[in-house]
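K.L.:
next input, structure requested:
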Amino acid sequence: MKAANLGYVLSHACGAAFDNPDLIVAAVVGDGEAETGPLATSWHINKFLNPIRDGAVLPILNLNGYKINNPTLLARISHQELEDLFKGYGYTPYFVEGSDPESMHQAMAATLDDCAQRIRSIQREARDSGIATRPRWPMIVLRTPKGWTSPAEVDGHKLEGFWRAHQVPIADVRKNPAHLKLLEDWLRSYKPEELFDANGTLVSEIRELAPTGTRRMGANPHGNGGLLKKNLRLPDFRDYGVKFDKPGQTEADNTRPLGVFLRDVMKLNPNSFRVFGPDETTSNGLDALYEVTKKFWIAEYFPEDSDGGELANDGRVIEMLSEHTLEGMLEGYLLTGRHGFLSTYEAFAHVIDSMFNQHAKWLSICNQLPWRQNVASLNLLITSTVWRQDHNGFTHQDPGFLDVVVNKRAEVTRIYLPPDVNSLLSVADHCLRSENYINVIVSDKKPHLQFLTMDEAITHCTRGVSIWGPASNDQGVEPDVVMACAGDIPTQEALAATALLRNEFPDLKIRFVNVVDLFKLQSDTEHPHGLSDRDFDSLFTADKPIVFNFHGYPWLIHRLAYRRTNHKNLHVRGYKERGNINTPMELAINNESDRFTLAIDVIDRVPKLKATGAHAKEKFRNEQIACRRYAHEFGIDRPDIVEWRWPF
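P.N.:
Okay, the predicted model is just below:
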């Protein structure tokens, strides 16, 4: 489906075959590609195809022996070892080997017929019996020379069947007459005079062999999935929200209501929606899905699997501890006209950096092709986030996937950082309805304070960035400082800092701004969601200090806002690679994104507080010391920190 991204042909093919019971996807695997980690893992797709409801994938390993400048590993092991390898993966391998074109074409055609018949036999048996078991699907090993039919030698060096046949087998044809003659003889060996008439038109006998209509490869609707896509049937997300009497008093797991929402999305779309995750659906709070479906499992069962395993051979939740394979399956599913959702731990999202890059490039090009129909957006939930890793520690602290996303074109990328349950539900509903985007949603799975009613959340998410009135006290006057934030934990710490400042300095005018759509910070000339300079200055002021607490690496905010009028007064806090197995408050203090540091930042940047704020700064620093000591002594944060509530 896409080039320049090795290792994903089988996972893409598997995604295309999901819920396509009549489709056979021929997936050609280069023997160089077969050496990549993602491809080596994705041979296991045969454990995820249900012969009753899904189509089939026919892998074809094109074993030509060489990469750019090296032999390939699978070409240099014995026939028996190669056969045993694929039998061990659970396939029935068929071998087509040789170099004579005529006999090889006949052998390949016969083998394809045998494989297709075997696939249909497997499916027919399962569908007639209604019993889905894991079959041994066929696969083909096609062993041919590299540079097949090219000249045997060039300048005394072996060409056909050697690595020199890669890419540019005959160089300098414009300057070297001998090379040009060699190229001409090679091309004439295909007898073009028998294929084309005097006008260069394909002769009718050959033209009539081609299929017509959607049987043509380029016209197959599965290759232009937007032709087949139907809109999701979505429940009203407002029915899944959290209700409370006062903001900042009630805690809830942010992702758990999302799981209930996705459960009902799955229920309403039983043949066109799937959820993917690397062994983390329950961990990420989405396990309500198991009330209507299970994790797909068609391999061996043990008796204990019935005790909370949530496994079924008709499950629609796909779990495998390979982000590469899952992302490839999801891409293949979307590109053939369906819808999906993938969740993963934040630190491990980097595993799919290159896959994200290529999908974004593919979408960018598709936007320039009027015949290419829109496909559902790729929706990625980033959770188990950097600020709540008090048991996994430093290895799980990396919010840098957002930096990768920002590199790609604005037309296809979206980043959302909802601060609570209701805003997460509003964002998720919007993302599931969207087309031709990659939507990245960042939300932690632990209990968090809830701030916005459902109506407030909808308004806030629609705008993407807004002033939070209850947290601000600058109504009708010019603020002394803007306290801004993006992300659930950064929002809580920014609110706590605001409360500290309002208690210490009742006359200090603070404007509190929350950002849920990160690209609002970029100019509207750079991103379609960006704020105009006038709107940005209206929110953030043209000359007042801005203290911005961010979920990720702080320099990303500077990168997005560098052209803004007041950038010189923008001071950003965020994650700075200062982590360990810390309590949440200790981790925040280490990275200078805690409430006390933010309050000190305001004192340092508001002119009238530089002298009068000295006592408050001492107080806040003493609080940091006390928090560290408590964490080191007891291994948890102080009760007043854990139980903090918005006081106004």
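K.L.:
mind listing what the residue nearest the centre of the chain touches?
P.N.:
When Cα atoms, centre = their mean is applied to the chain, the residue found nearest the centroid is residue 380 (4.8 Å). By Cβ atoms under 8 Å, 6 or more residues apart in numbering, the residues touching residue 380 are 342, 343, 344, 349, 438, 439, 440, 441. Glycine gets a C-beta too; all of them are placed from N, C-alpha and C.
K.L.:
could you spell out the sheet neighbours of the helix or strand hosting the third one, each with its direction?
P.N.:
Right, residue 344. With secondary structure defined by DSSP states H and E, residue 344 is part of strand 339-345. In the sheet, strand 339-345 lines up against strand 273-277 (parallel), strand 378-383 (parallel) (DSSP bridges).
K.L.:
could you give the mean pLDDT of the first one?
P.N.:
Taken as a whole, strand 273-277 has a mean pLDDT of 98.
K.L.:
now that strand - C-alpha only, CSV.
P.N.:
Written as CSV, here are the backbone C-alpha positions of strand 273-277 (Å, rounded to 0.1, in the frame of the first residue of the first chain):
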residue,chain,number,x,y,z
PHE,A,273,-14.7,-0.8,13.9
ARG,A,274,-11.7,-2.4,15.8
VAL,A,275,-9.6,-1.4,18.8
PHE,A,276,-5.9,-2.1,18.9
GLY,A,277,-3.4,-2.1,21.7
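K.L.:
got a list of contacts for that strand?
P.N.:
Residues outside strand 273-277 that contact it (Cβ under 8 Å, 6+ apart): 18-19, 232, 262, 265-266, 281, 284, 286, 289, 316-319, 326-327, 329-330, 333, 338-344.
K.L.:
roughly how far is the strand holding residue 344 from the heart of the chain?
P.N.:
Distance of strand 339-345 from the chain centroid (Cα atoms, centre = their mean, to the nearest Å) equals 7 Å.
K.L.:
right, and the helix or strand after that strand?
P.N.:
helix 353-366.
K.L.:
low pLDDT regions in this structure?
P.N.:
Scanning the chain for pLDDT under 70 picks out 1-5, 390.
K.L.:
so which residue of it lies furthest out from the middle?
P.N.:
Residue farthest from the centre of the chain, counting by Cα atoms, centre = their mean, is residue 198 at 51.3 Å.
K.L.:
quick check: that residue vs residue 121, distance?
P.N.:
With distances taken as Cβ to Cβ, to the nearest Å, residue 198 is found 48 Å from residue 121.
K.L.:
please enumerate the strands of the stretch 151-300 of the chain.
P.N.:
153-154, 157-158, 251-253, 273-277, 295-296 (DSSP state E, counting those that start in this stretch).
K.L.:
and those: which comes nearest residue 503?
P.N.:
Nearest to residue 503, of all those, is strand 251-253, at 22.3 Å by Cβ to Cβ.
K.L.:
just checking, what packs against the closest one?
P.N.:
Secondary-structure packing of strand 251-253 (3 or more Cβ pairs under 8 Å, 6 or more residues apart in numbering; DSSP states H and E): strand 447-449.
K.L.:
run through who's touching the helix or strand just after the strand it packs on.
P.N.:
Downstream of strand 447-449, the first helix or strand assigned by DSSP H and E is helix 454-463. Helix 454-463 has contacts (Cβ under 8 Å, 6+ apart) with 238, 241, 243, 416, 418, 420, 422-423, 425-427, 430, 452, 466, 514, 516-517.
K.L.:
need the CA coordinates for helix 454-463. PDB is fine.
P.N.:
Below are the C-alpha coordinates for helix 454-463, written out as PDB (Å, rounded to 0.1, in the frame of the first residue of the first chain):
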ATOM      1  CA  MET A 454     -20.000  18.600  29.700                       C
ATOM      2  CA  ASP A 455     -21.300  21.800  28.100                       C
ATOM      3  CA  GLU A 456     -18.200  23.600  29.200                       C
ATOM      4  CA  ALA A 457     -16.000  20.900  27.800                       C
ATOM      5  CA  ILE A 458     -17.700  20.900  24.400                       C
ATOM      6  CA  THR A 459     -17.300  24.700  24.200                       C
ATOM      7  CA  HIS A 460     -13.700  24.500  25.300                       C
ATOM      8  CA  CYS A 461     -12.800  21.700  22.900                       C
ATOM      9  CA  THR A 462     -14.600  23.400  20.000                       C
ATOM     10  CA  ARG A 463     -12.500  26.500  20.600                       C
END
